[in-house]
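Visitor: Return atomic coordinates for the entry below.
(chains A and B)
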Amino acid sequence: MAAPEVHHLFHNPIADHSFSADRKTLAVARDTTVELYSKVGSAFKLKDELKGHDKTVTGVDIAPNSGRIVTCSQDRNALVWEPSPQGYKPTLVLLRINRAATFVRWSPSEQKFAVGSGDRVIAVCYFEEENDWWVSKHLKKPIRSTITTVAWHPNSVLLAAGSTDAHARVFSSFIKGVDARPEPGPWGERLPFNTVCGEYLNNSAGWVHAVAFSPSGDSLAFAAHDSSITVIYPSGPDLPPKAVISINTQLLPFISLIWNGENEIIAAGHDCEAFRFKGGESGWQLSGTLENKTRPGLGGGEREESALNMFKQMDLKGKVKDDTQLKTVHQNTITTIRPYESSGTSVKKFSSTGVDGRVVIWNT
Amino acid sequence: MSIIQQHTAASLSDAWRTIDIDRLIEDSSINFDTKTLHPPLQETTDAEVRAINGQVRQLLRGGDSEGALRGCLELPVYSGTEATKEAHLHTVIEVLQSIKASEMTPMLQRIYATPGGSECLDVLMKYLYKGMAATSSGGDSSAPRTPTRMTPQQTGFSQVGSRPGTTGESTGAAMSVLLSWHEKVVDVAGLGCIGRTMTDWRKV
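Guide: Next comes the predicted model:
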């Protein structure tokens, strides 16, 4: 396995990141701005800053085809940035929420995006041609707490959301005139707006950090604060799911997860490294880390220390070994992982960002 | 009309900043019973706890301490009266105290490897924390759990030493048993186990 590509952008947390479709532009949410980096040679150079929010930016997503960027922030606003020859032009979106916006993602159709918020609603936003304005419709019931994350089904109608009330839910966000009528599937047949297609809770019920539909859209995975991931296989509308598989791990909680095909999930979080889960409808298990622990260069542990150096360290720091570095590539919590390069339904490479200000591109 | 006239004492002070607006919103989390988010738990009665206690004791006498430990962890008391929960805690602690230090890790590893073993160790962790809370707040379980003495401490460090009315030695012994179990459980079930103990709504 080839070594991961590491870019240390700055010493600030990265709340969210997104690559453009050609992978030449990288948008990262840093404090109250979104920074756009472009790839020059093998490094990322700061190209542009999107300034428009006045509180911490919590989500950023680049639409792969249109190139539009949507951002959301704790200032309760979302902005759509339209690319133009003069740079990006922001348009304010009326979210009608009175708590922070926490997460934003474009639908695969790029006609809509969903914003999670601390106001116990998900704002599903779409462009109204006649008013020349982005408007939002609220998914409200039965959310009881902050929405931490959302994920779209490939059909752009179903939306999964994770919440601090410990539930992962699947909603219909069908908007007449915008969406084509979806094919009936295991999540439901008729899907008017705000249909709750599923509501899931695992046994120990930690608040949910991440949700993701499998590539086919026929199963759902979520990661929760109880250090578990749970995979749900629905069997049809109003029926109990075929299987709900929960894997409790010995690790710290996962913050983000992606599917790699139908039988593999990659999750990362507070342990600062990514882990692979393998399985299917009959069961899932943790199959190991994606980190190569014996990587040369970073492994300060195995380096031979000279006697002089050893006594120097003891004198300066009161200890022999300098153990301020983690053995992982990321030196702090990983907050977002996203597919970087895919072929068909399998992910060849994925990117991760974290609190340490690093962007890492991994081979799966 | 001057705009100044519209100022009142209330708008000039910043008392409005401290208004708990969540109370005023009808469907906010304060005005909502969070228990309804979870499926209800089955109530455990006093008689059931005593029956488990009897079986566990029998297993202990027979030398099957692993079976005894499993037995009391597989049927945790999530819903019941405070006395019932206390009684089951005593059963668990009794079992824990009867197991030798050298047997702890292999036993935990065997339990963890079986199906449902991870769940068992999560339950054990919950009882360890409950046990530590109980031994540090009152010593005797029949005493009220809330601290009775509200006078401020002279120094922050005298909390354990100068507590009146506790039998220092037995509390210390019980605590050391719980702490050594805690260490062993974390070794086997990882930090995730502590996280689950904190997030889980099924309290023992």
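
Visitor: Now do the helices in chain B.
Guide: In chain B, the helices defined using DSSP state H lie at B:9-12, B:21-24, B:46-61, B:65-74, B:82-98, B:101-113, B:117-137, B:168-199.

Visitor: Need the residues that contact the second one.
Guide: With contacts defined as CB atoms under 8 Å, 6 or more residues apart in numbering or on different chains, helix B:21-24 is touched by B:28, B:29, B:30, B:31. C-betas here are computed from N, CA, C, even on glycine.

Visitor: Number of residues surrounding the second one?
Guide: A total of 15 residues lie near residue B:29 under the criterion other CB atoms under 10 Å in any protein chain shown.

Visitor: Once you drop chain neighbours, what's closest to it?
Guide: Distances taken as CB to CB, 6 or more residues apart in numbering or on different chains put residue A:145 closest to residue B:29, at 6.3 Å, once the chain neighbours are dropped.

Visitor: Now for the contacts of helix B:21-24: which two are most distant?
Guide: Pairwise distances across these (CB to CB) peak at 7.6 Å, for the pair B:29 and B:31.

Visitor: still on that earlier bit, just the closest of the contacts of helix B:21-24 to residue B:184, please.
Guide: Among those, and counting by CB to CB, the member closest to residue B:184 is residue B:29, at 37.5 Å.

Visitor: Pretty sure the closest one sits against residue A:163.
Guide: No - using CB atoms under 8 Å as the test, residue B:29 is too far from residue A:163 to be in contact (11.4 Å).

Visitor: residue contacts, the nearest residue in space to residue B:75 that is not next to it in sequence?
Guide: Nearest residue to residue B:75 in three dimensions, chain neighbours excluded: residue B:52, at 5.7 Å (CB to CB, 6+ apart). Neighbouring residues of residue B:52 by CB under 8 Å, 6+ apart: B:71, B:72, B:75, B:88, B:91.

Visitor: Then residue B:135?
Guide: B:171, B:174, B:175, B:178.

Visitor: ok, now residue B:55?
Guide: Shown in contact with residue B:55 (CB under 8 Å, 6+ apart): residue B:71.

Visitor: residues from chain B in reach of chain A?
Guide: B:27, B:29, B:32, B:34, B:37-39, B:118-119, B:122, B:189-193, B:195-196, B:199-202 (CB under 8 Å from any CB of the partner chain).

Visitor: about what we covered before: return a selection command, for use in ChimeraX, containing the buried ones of the contacts of residue B:135.
Guide: Here is the ChimeraX command that selects the buried residues among these (16 or more other CB atoms under 10 Å in any protein chain shown):
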select /B:171,174,178
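
Visitor: pLDDT-wise, what's the bottom of the contacts of residue B:135?
Guide: In terms of pLDDT, residue B:171 ranks lowest among these, with 75.

Visitor: quick one: least confident helix or strand in chain A?
Guide: The weakest-scoring helix or strand in chain A, judged by mean pLDDT, DSSP states H and E, is helix A:307-317 (a mean of 79).

Visitor: contacting residues around the closest residue to chain B within chain A?
Guide: Nearest to chain B, among the residues of chain A, is residue A:250, at 2.4 Å (CB to the nearest CB). By CB under 8 Å, 6+ apart, residue A:250 lies in contact with A:227, B:189, B:190, B:191, B:192, B:193.

Visitor: How about residue A:7?
Guide: Residue A:7 sits next to A:43, A:44, A:358, A:359, A:360 when contact means CB under 8 Å, 6+ apart.

Visitor: and chain B, which of those residues reach it?
Guide: Among the contacts of residue A:7, proximity to chain B is found for none (CB under 8 Å from any CB).

Visitor: So which of the residues you listed are in helices?
Guide: Residues of the contacts of residue A:7 located in helices (DSSP H): none.

Visitor: Inside strands: which ones of those?
Guide: With DSSP state E as the criterion, strands contain A:43, A:44, A:358, A:359, A:360 from among the contacts of residue A:7.

Visitor: Could you pull up the residues touching the residue in chain B that chain A sits nearest to?
Guide: Closest residue of chain B to chain A, CB to the nearest CB: residue B:190 (2.4 Å). Contacts of residue B:190 were listed using CB under 8 Å, 6+ apart, and they are A:227, A:249, A:250, A:251.

Visitor: hang on, the earlier thing: export the helices of chain B to JSON lines and tack on distance to residue A:258?
Guide: Listed next are the helices of chain B as JSON lines, based on distance: least, CB to CB, whole Å:
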{"stretch": "helix B:9-12", "distance to residue A:258": "50"}
{"stretch": "helix B:21-24", "distance to residue A:258": "35"}
{"stretch": "helix B:46-61", "distance to residue A:258": "44"}
{"stretch": "helix B:65-74", "distance to residue A:258": "35"}
{"stretch": "helix B:82-98", "distance to residue A:258": "40"}
{"stretch": "helix B:101-113", "distance to residue A:258": "28"}
{"stretch": "helix B:117-137", "distance to residue A:258": "24"}
{"stretch": "helix B:168-199", "distance to residue A:258": "20"}
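
Visitor: looking at these, which one has the lowest mean pLDDT?
Guide: Minimum mean pLDDT among the helices of chain B: helix B:9-12, a mean of 69.

Visitor: Next to chain B, which bits of the stretch 251-364 of chain A? Give me the list.
Guide: A:251, A:252, A:253.

Visitor: most neighbours, which of the residues you listed?
Guide: residue A:253 (26 neighbours).

Visitor: how much space between it and residue A:168?
Guide: 14 Å (CB to CB, to the nearest Å).

Visitor: thinking again about what came up before, now, the most widely separated pair of the contacts of residue B:190?
Guide: Spanning the widest gap among those are A:227 and A:250, at 7.5 Å by CB to CB.
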